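Chemist: 3D, please:
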Amino acid sequence: QTIEKRLAAGHYADLGALHADLVLMFDNATTFNEVGSLIHEDAKTLKKALQKEYSKAAKAAKRVTQTPAKPSSEAEPEQLRAAQMAVVSAVKAAQGDDGRLLYEPFE
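Modeler: Residues are numbered from 1 along each chain as shown. Predicted structure coming up:
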């Protein structure tokens, strides 16, 4: 299944699991494509966008889960879903230095 299908099916129990799959995808793209190739460079840019948004989402989720009334390590399902969608949306919106959109769905 694709990451998007897994996300839609609720496969990811936490933000870290989604992050791990996305990192694996970008690492594979840099590992198996020639250094300097468009795919290699785009994967590096997309991974940077992922790391930036993931960091923000993880901090926000931590603030939500560490309220005095509810000390928990996991966000509520709706908060988790919102955080996951924010991460995926940021990756999809990433642009290269030339201004082109880097996300293209692979069907």
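Chemist: need the strands for this protein, in chain order.
Modeler: 66-67, 70-71 (DSSP state E).
Chemist: Tell me the pLDDT of residue 20.
Modeler: Per-residue pLDDT puts residue 20 at 97.
Chemist: what separates it from residue 105, distance-wise?
Modeler: 21 Å (CB to CB, to the nearest Å). Where C-beta positions appear, they are placed from N, C-alpha and C, glycine not excepted.
Chemist: Kindly report the same for residue 26.
Modeler: 16 Å.
Chemist: now residue 44
Modeler: On the measure of CB to CB, residue 44 and residue 105 end up 20 Å apart.
Chemist: Between those two, tell me which one has more neighbours.
Modeler: Remark: of residue 44 and residue 105, residue 44 carries more neighbours, 13 against 7, as counted by other CB atoms under 10 Å.
Chemist: residue contacts, the more buried one?
Modeler: Each residue near residue 44 by CB atoms under 8 Å, 6 or more residues apart in numbering is listed here: 26, 30.
Chemist: Ranking helices and strands of this structure by mean pLDDT, which lands last?
Modeler: Lowest mean confidence among the helices and strands of the chain (mean pLDDT, DSSP states H and E): strand 70-71, at a mean of 50.
Chemist: can you give me the helices in the chain?
Modeler: Ranges of helices in the chain, per DSSP state H, are 3-8, 15-31, 38-65, 77-93.
Chemist: Switch those over to a markdown table, and while doing so, append distance to residue 101 to every line.
Modeler: Below are the helices of the chain laid out as a markdown table (distance: least, CB to CB, whole Å):
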| stretch | distance to residue 101 |
| --- | --- |
| helix 3-8 | 16 |
| helix 15-31 | 16 |
| helix 38-65 | 10 |
| helix 77-93 | 8 |
